[in-house]
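*Asks:* Sequence first, then the predicted structure:
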Amino acid sequence: MANVDRAAGLLPTRHGAGGTPSRFGAYEIASALAQDLFAGDPVVLTGVGRRITIATAGDANLITGVFAGCRYVDANGEVQFRPRWPTGTVATGITPGEDPEALVYDDPGQEFIIQVSGGAGLVVADVGQMGNFVAGAGNAFTGRSAFQFDQTTLAGASKQLRILGLLRGPDNAYGQFAKARVLINNHSYGSLASAGV
């Protein structure tokens, strides 16, 4: 069976400790932030309050969580709830004087599903390994991310994501474009991944 090439960033699934999955926290986006943010993009704190920006791929680079969407009042005074933050959007928060709000899956125990890049895709020996993500251009129509797990970065203990296993299902198999279950290994709030799976 050939897997479909359909990168969609990091999609929340079950929580490693049980309980309610897909828990998120509220963060801020600077008005006119010159970056596109798509649902499923990994994000990180900017160092200014709870403002976020897109995470950078690479060993030891932290991830605060995964962007789920945003709420803001646009320049026309209309309240918006979107899965995407379009670059350069001038907006305020729902409450006057506040920044636009970003919802972020920020729990270190949250598991995600992500497509694995590279010609080999995901093989059995990759389970338990760590690697970084690779950025992709998100879809402006759906608001979905196109980030993938970078299969070429496997090995080492300082990578951003840890592979927990193959996503089980009739339309997913080991190989190219496989969808894998992962944990954030380099998490701003600590990690369950580094303790083993």
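*Replies:* Cool, got the structure. Numbering: from 1, shown residues only.
*Asks:* tell me the domain ranges of this protein?
*Replies:* 11-17+107-195, 25-105 (automatic domain parsing).
*Asks:* does residue 81 count as helix, strand or coil?
*Replies:* At residue 81 the chain is in strand, as set by DSSP: H, G, I helix; E, B strand; the rest coil.
*Asks:* so it bridges to which residues?
*Replies:* For residue 81, the beta-bridge assignment (DSSP bridges) gives partners residue 71.
*Asks:* how many neighbours does the closest residue to residue 172 other than its chain neighbours have?
*Replies:* Sequence neighbours aside, residue 179 is the residue nearest to residue 172 in space, at 5.0 Å (criterion: CB to CB, 6 or more residues apart in numbering). For the C-beta atoms, the positions are set from N, CA and C on the backbone; glycine is no exception. Residue 179 sits with 25 neighbouring residues when counted by other CB atoms under 10 Å.
*Asks:* cool, and residue 83?
*Replies:* Using other CB under 10 Å, residue 83 is surrounded by 19 other residues.
*Asks:* next one: residue 124
*Replies:* Neighbour count for residue 124, taken as other CB under 10 Å: 8.
*Asks:* Could I get the pLDDT score of the residue nearest to it when sequence neighbours are not counted?
*Replies:* Counting by CB to CB, 6+ apart, residue 124 lies nearest to residue 174, which is 6.4 Å off, once chain neighbours are set aside. pLDDT for residue 174: 93.
*Asks:* likewise residue 170?
*Replies:* Model confidence at residue 170, given as pLDDT, is 89.
*Asks:* check contacts around residue 120.
*Replies:* The neighbourhood of residue 120, defined by CB atoms under 8 Å, 6 or more residues apart in numbering, consists of 151, 175, 176.
*Asks:* these two touch, right, the last one and residue 121?
*Replies:* If I follow you right, that is residue 176. Yes - between residue 176 and residue 121 there is a contact at 3.9 Å, judged by CB atoms under 8 Å.
*Asks:* Quick check: residue 119 touching residue 177?
*Replies:* No - with contact defined as CB under 8 Å, residue 119 does not reach residue 177; the gap is 10.1 Å.
*Asks:* Quickly note the distance from the nearest residue to residue 151 once chain neighbours are set aside to residue 152.
*Replies:* Excluding its sequence neighbours, the residue lying closest to residue 151 (CB to CB, 6+ apart) is residue 118, at 3.3 Å. Counting by CB to CB, to the nearest Å, the gap between residue 118 and residue 152 amounts to 5 Å.
*Asks:* Which one of the two is surrounded by more residues?
*Replies:* Comparing residue 118 with residue 152 by neighbour count (other CB under 10 Å), the higher total belongs to residue 118, at 17 against 11.
*Asks:* who's in contact with the more buried one?
*Replies:* Per CB under 8 Å, 6+ apart, neighbours of residue 118: 150, 151, 152, 176.
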